[in-house]
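J.: following is a predicted model, sequence given first.
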Amino acid sequence: MKLTRVLRFGIPYRVSLTVALAFQLIETGAALSIPWVGGKLAGGLIGSGDFGIAPIALALIGLFALRTALRIASGIAIMATAERILADLRTQLYTHFQSLPVRYFHNQRPGDQVAVLTRDVDNIADYLTSSLIGLVPTVLTLIGALFLMLRLDPALAWPLAMAVPVFVLMTKLAYRRMRPLSRDLRENYGAGVSLAEENLAILPAIKTFSQEAREAARYAHLVHRQRDLGIRVGRMLVTIGPALRFVAAAAVIVVLWLSGDRLRSGDLPVAELVSLLLYAGLLTEPISGLAGFWGRTEGARGALERFESVLDEPAEDMISGLQPDTIAGEIRFEDVSFAHSGRKGTLEKVNLTVPAGRVLALTGENGAGKSTLVDLILRFNEPDAGRVLLDGTDLRDLNLAALRGLIGVVPQQTLLFDGTLRDNIVFGRPDVSEAALLRAIELARAEDFIRALPDGLDTTVGSRGVRLSGGQRQRIALARALVKDPPILILDEPTAMFDPEGEAAFVASARDALAGRTVVLITHRPASLALADMTVRLAAGRIVPVGSGPTGEGTA
Ligand SMILES: Nc1ncnc2c1ncn2[C@@H]1O[C@H](COP(=O)(O)OP(=O)(O)OP(=O)(O)O)[C@@H](O)[C@H]1O
């Protein structure tokens, strides 16, 4: 375990962590004095002490009060720091998730991402603040108690000292067995979250195909596995504590046993024996603390690996690159080839020019690669060979944020979030004027249905826009793209869900909205094709010209 890597998360909170550690160290000092003072009190009670009972009793109460106060203070400091570190890690991780390319998520289970954001991050923050910081006082208490016991009476302290390696061996063995179980437990947790999330999202399909029982059984299988793993881990956790305490108790009894003769002969003062027994009691605390430490180290190691493996994923570079002030908008594909990972090539040496300010209709069979092609303009993917150019500049030389800022998209699958219609439409341009907003709504032919809703633009759409019809969702997506007023528009079947009248009305009024913009319009609908200045077809990974008008070098 690279402990130093966890420690770096605490650097911003080094002051509060140092204060907490200082409290814990003073508390350790108080804890180590209690058995000594306790022994003196016992000596005083049987009349063999050097001090009066009252001052010793008061000193003991004072020491306990100090321990309590310091425990509360360090507990509060640790708890607050853990929450702060947790918030930092979570924000850092979420921000990084967002900076990763879209393709990263195509190969991941969403449940695993949720699990890193919740369980793993929790684990790391807790490990750093409780386990690692607490390790110093724990070890000091252990060493201090052993040292003081051996100094008091080496002959009697040895059974207790001997018990320590037994404790260590027992916990190490137990946690070695737990390591694979903890890994399976976490893996299974991610799978369970993923399945529940996906199934709840596709619940209508589950119901339509009457697959509730099968899906419930699939989820139950994961949950039961989680239960069984949890029980196996829990069994070890609940066994180790009492087992350790048994060894401690046996060691104490051996001490008492050995002390009998010396106690009777007066060779062993009662105060010393009481101190020794109190030190033995004190030892159980760091021993169970260390046992827990090993377990938490195992958990934190896995959590840190997963956390860092996400952070190690290279983020999209949003900083470097050219930031064009104005663009004409010519898009050119030069010998572009692309294959999705593990698939055969989708695009093979595609050459295509969309002149600035013109509308290109892109057609082709399902799976021909139309969406794949426009994703290259957004740089969701990079060409395996060839280049995509904007006004003659390779897209890879442009600033990614600036490039995406120039493009409005209506994707094939409308991506709405749980907010109002207004929030969804102004998503890319929160500062847009009311007039521009209404104009975009009008162009997207969305005004009639919005007016009919009880709260108009302030109606909430539900998660992923579930409270809207498919066509309504698409109209909102179109309005969202238009409100951005981008020089380049990518419309991936924007009217696929429109009724024929709605589509005709959109086509009739869209010319104005599209005028002056470079538009790539993916469509299978003849009515929408009327908007195109030129039409090409994608077939077998290559461009085949179809319609009239300038296609440039739009041939394969
Ligand atoms: N993330 C992905 N990973 C692997 N293969 C993919 C991925 N996305 C798409 N594909 C594959 O790439 C091919 C082209 O898909 P694409 O979505 O570009 O087709 P399309 O022409 O837009 O189809 P449609 O008309 O159905 O929308 C398909 O065979 C598809 O299975």
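T.: That came in fine, so what should we check first?

J.: show me what the host helix or strand of Ala82 is packed against.
T.: Assigned by DSSP states H and E, Ala82 belongs to helix 53-99. Contacts defined by 3 or more CB pairs under 8 Å, 6 or more residues apart in numbering; DSSP states H and E place helix 53-99 against helix 14-45, helix 121-126, helix 270-312. No exception for glycine: its C-beta is placed from N, CA and C like everyone else's.

J.: for the ligand, which of the ones you listed is the nearest?
T.: Closest to the ligand of the helices and strands packed on helix 53-99 is helix 270-312 (CB to the nearest ligand atom; 19.3 Å).

J.: what is the mean pLDDT for that closest one?
T.: Confidence over helix 270-312 (mean pLDDT, whole number) is 83.

J.: helices or strands up against it?
T.: Looks like helix 270-312 contacts helix 3-7, helix 14-45, helix 53-99, helix 110-115, helix 121-126, helix 133-152, helix 154-201, helix 212-264 (3+ CB pairs under 8 Å, 6+ apart).

J.: how about the residues of the stretch 201-350 of the chain near the ligand?
T.: Neighbours of the ligand within the stretch 201-350 of the chain, by CB under 6 Å from any ligand atom: His340, Arg343, Thr346.

J.: ok, and the closest non-adjacent residue to the residue of the stretch 401-550 of the chain at minimum distance from the ligand?
T.: Across the stretch 401-550 of the chain, the shortest distance to the ligand (CB to the nearest ligand atom) belongs to Gln412, at 5.6 Å. Spatial nearest neighbour of Gln412, excluding adjacent residues (CB to CB, 6 or more residues apart in numbering): Asp492 at 4.4 Å.

J.: can you give me the offset of stretch 322-337 from its chain's centre?
T.: On the basis of CA atoms, centre = their mean, to the nearest Å, stretch 322-337 sits 35 Å off its chain's mean C-alpha point.

J.: hmm, who's touching it?
T.: Applying CB atoms under 8 Å, 6 or more residues apart in numbering, the contact partners of stretch 322-337 are 345, 347-357, 373, 376-377, 383-393, 397-399, 402, 406, 487-488, 517-518, 520, 541, 543, 552.

J.: list the residues that contact Leu32.
T.: By CB under 8 Å, 6+ apart, the contact list for Leu32 reads Thr141, Gly144, Ala145, Leu148, Leu282.

J.: contacting residues for the last one?
T.: Which is Leu282. For Leu282, the contact set (CB under 8 Å, 6+ apart) comprises Ala31, Leu32, Ile34, Pro35, Thr141, Ala145.

J.: next one: Ala115
T.: Neighbours of Ala115 in contact, by CB under 8 Å, 6+ apart: Arg186, Tyr189, Gly190, Val193, Arg306.

J.: rank those by pLDDT and give me only the lowest.
T.: Lowest-confidence member of the contacts of Ala115: Arg186, scoring 82 (pLDDT).

J.: and the nearest residue to Pro35 once chain neighbours are set aside, how many residues sit next to it?
T.: Nearest residue to Pro35 in three dimensions, chain neighbours excluded: Leu278, at 3.4 Å (CB to CB, 6+ apart). Burial of Leu278, expressed as a neighbour count using other CB atoms under 10 Å, amounts to 19.

J.: look up the pLDDT of the closest residue to Leu304 other than its chain neighbours for me, please.
T.: Spatial nearest neighbour of Leu304, excluding adjacent residues (CB to CB, 6+ apart): Ile124 at 5.8 Å. Listed pLDDT for Ile124 reads 90.

J.: and Lys2, by the same measure?
T.: Note on Lys2: pLDDT of 67.

J.: for the ligand, what's the nearest residue on the stretch 151-300 of the chain?
T.: Checked against the ligand (CB to the nearest ligand atom), the nearest residue in the stretch 151-300 of the chain is Glu198, 16.4 Å away.

J.: where's that residue relative to Ala191, distance?
T.: Glu198 sits 11 Å away from Ala191, taking CB to CB, to the nearest Å as the criterion.

J.: shared neighbours, these two?
T.: By CB under 8 Å, 6+ apart, no residue touches both Glu198 and Ala191.

J.: tell me the SS of Lys538?
T.: That one is not Lys; residue 538 is Leu. Under DSSP: H, G, I helix; E, B strand; the rest coil, the three-state class of Leu538 is strand.

J.: can I assume it is in contact with Thr372?
T.: No. Leu538 is beyond contact range of Thr372, at 9.0 Å (criterion: CB atoms under 8 Å).

J.: more neighbours: which of these two?
T.: Ranked by neighbour count (other CB under 10 Å), Leu538 and Thr372 place Leu538 first, with 23 against 18.

J.: how about that one: what's its closest non-neighbour residue?
T.: In this structure, Leu538 finds its nearest non-sequential neighbour in Gly364, 3.6 Å apart by CB to CB, 6+ apart.

J.: contacting residues around that neighbour?
T.: By CB under 8 Å, 6+ apart, the contact set of Gly364 is Lys370, Arg537, Leu538, Ala539.

J.: just the buried members of these?
T.: Lys370, Arg537, Leu538 (16 or more other CB atoms under 10 Å).

J.: mind giving me JSON lines with the contacts of Leu282 and columns for pLDDT and distance to the ligand?
T.: Shown next, in JSON lines, are these (pLDDT from 0 to 100; distance: CB to the nearest ligand atom, whole Å):
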{"residue": "Ala31", "pLDDT": "90", "distance to the ligand": "59"}
{"residue": "Leu32", "pLDDT": "91", "distance to the ligand": "62"}
{"residue": "Ile34", "pLDDT": "90", "distance to the ligand": "64"}
{"residue": "Pro35", "pLDDT": "89", "distance to the ligand": "66"}
{"residue": "Thr141", "pLDDT": "89", "distance to the ligand": "55"}
{"residue": "Ala145", "pLDDT": "87", "distance to the ligand": "60"}
